[in-house]
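*Asks:* Predicted model follows, preceded by the sequence.
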Amino acid sequence: RRSDDQTIASTAAAGDELVLRVHAADANGNAKCYAETGDAYDAFNISVTLDGVPVANPDDVVSIPPNKTQHQNKTGGYYDFKVTPKAAGTYAFSASLNGVEVSGTSTVTVTEGALDASSSTVDGAGLFGGLSGVNHTARVVARDAHGNPITSGLTDGTCSATLTATDAASSNVDVTATCELTDESKGTFDVTLLSYTAGDYKLDIKLDGAAAGDSPYEKVSFAAGGPVAKNSTVEEANGADLTAVAGKNTTFTLTARDEFGSARTVGGDVVSATLDRDPPVFAAVEDNKNGTYSLTFVPPVTGTNQSLSVMIGTSHVKNSPFNLTATRASTSAALTYAVKNAASGCLDEKAELGSEAACGVANA
């Protein structure tokens, strides 16, 4: 009995269906045939090695019909087994009958199949983003439908990567995403992400124009870095000018920003605001826990060019110190009164604005 290495190709691609033929012979080397209408057959078993290592589950490679007589050519005395190698490497197929090895071994070298983007893999911390202004990397392995790395025919142009802002506030973003072939023999690419604009993004990675792995990746977030005072802004300021009303609570909002101008989204910064006068007026600072701070104080007097210093740590924020103009409050009818003419002999008393005074004197 022998396996026929003439009926199986010496090379194949992963996923190709091949046919391994085993010839049955008697002790004298004659073909052992059976009546076409009978039930008799020889129960050959197929063994497989991949790169010299026995395949633990040959059924992953060799497909045998449920009814074993279906692959038997009784009058020809041979048996055909369907063979579908999936992993790349060198396979050796052998057969046995009743525990006795059949002479002859069929060998086939299997290479990877065609690139299949959906079976390719993408991993790495870069898929989740990170700090703004820092390179973040993910790895792509181009694979065929059976998971074998593609080891030839790849270029930088095979892979593409795109970051798209999903945060409505990020309408004008400064981000880049590149994909570079790093090892063609292993089918690997590096995707490098760099964002100077904090926010949430969607990452699309494609191989030959088709989505790679589980792309798109919807939860890529870049956080603002530490606070940089010179980039942080008081939202109500018009350049270096601020306005307030003397004698009334005034609140300004400071937005802490990183070195690229992205608004921070967490609190905890050391913030102060001081109206520079004698004695100074210190603002109450409320940390809103989202990167903004409410600065509340009461300007004691009216006037222009009052100096308001707003600082993070020991550094002035953008345009600080500010020129604060404190104005009088608007006239309130409810609080306004006129004094009657004392020369008339009438007693001074308050009268509502618009009413006539006693003694016939109109309100002044």
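*Replies:* Cool, the structure landed.

*Asks:* name the element the residue positioned nearest the centre of the chain belongs to?
*Replies:* In the chain, the centroid-proximal residue (Cα atoms, centre = their mean) is residue 220; its distance is 2.4 Å. In the assignment (DSSP states H and E), residue 220 maps to strand 217-223.

*Asks:* For residue 119, grab phi and psi.
*Replies:* The phi and psi torsions at residue 119 (degrees, to the nearest 10) take the values phi -90, psi -10.

*Asks:* Report the beta-bridge partner residues of residue 292.
*Replies:* Taking DSSP bridges as the rule, residue 292 bridges to residue 255.

*Asks:* Neighbours of it, how many?
*Replies:* Per other Cβ atoms under 10 Å, the neighbour tally for residue 292 reads 19. For the C-beta atoms, the positions are set from N, CA and C on the backbone; glycine is no exception.

*Asks:* How about the contacts made by it?
*Replies:* Residue 292 sits next to 253-256, 263 when contact means Cβ atoms under 8 Å, 6 or more residues apart in numbering.

*Asks:* quick one: which of the residues you listed is most hemmed in?
*Replies:* That'd be residue 254 among those, by other Cβ under 10 Å, with 31 neighbours.

*Asks:* Now do the buried residues in the helix or strand containing residue 323.
*Replies:* Residue 323 belongs to strand 322-327 when assigned by DSSP H and E. Applying a neighbour-count criterion of 16 or more other Cβ atoms under 10 Å, one finds 322-326 buried in strand 322-327.

*Asks:* ok, and what's touching that strand?
*Replies:* Under Cβ under 8 Å, 6+ apart, the answer for strand 322-327 is 234, 237, 240-246, 275, 299, 301-310.

*Asks:* Sort out which of the residues you listed are buried, if you could.
*Replies:* 234, 237, 242, 244, 246, 275, 299, 306, 308-310.

*Asks:* of the buried residues of strand 322-327, closest to residue 98?
*Replies:* Checking the buried residues of strand 322-327 against residue 98 by Cβ to Cβ gives residue 322 as the nearest, at 97.1 Å.

*Asks:* Read off the pLDDT value for the closest one.
*Replies:* You'll see residue 322 listed with a pLDDT of 97.

*Asks:* now it: how far from residue 304?
*Replies:* Distance from residue 322 to residue 304, counting by Cβ to Cβ, to the nearest Å: 12 Å.

*Asks:* likewise residue 192?
*Replies:* 52 Å.

*Asks:* The residue nearest to the centre of the chain against residue 200, yeah?
*Replies:* Yes. Under the criterion of Cβ atoms under 8 Å, residue 220 makes contact with residue 200 at 7.2 Å.

*Asks:* Which parts of stretch 260-272 count as buried, going by neighbours?
*Replies:* Residues of stretch 260-272 classed as buried: 260-264, 269, 271-272 (neighbour count, 16+ other Cβ under 10 Å).
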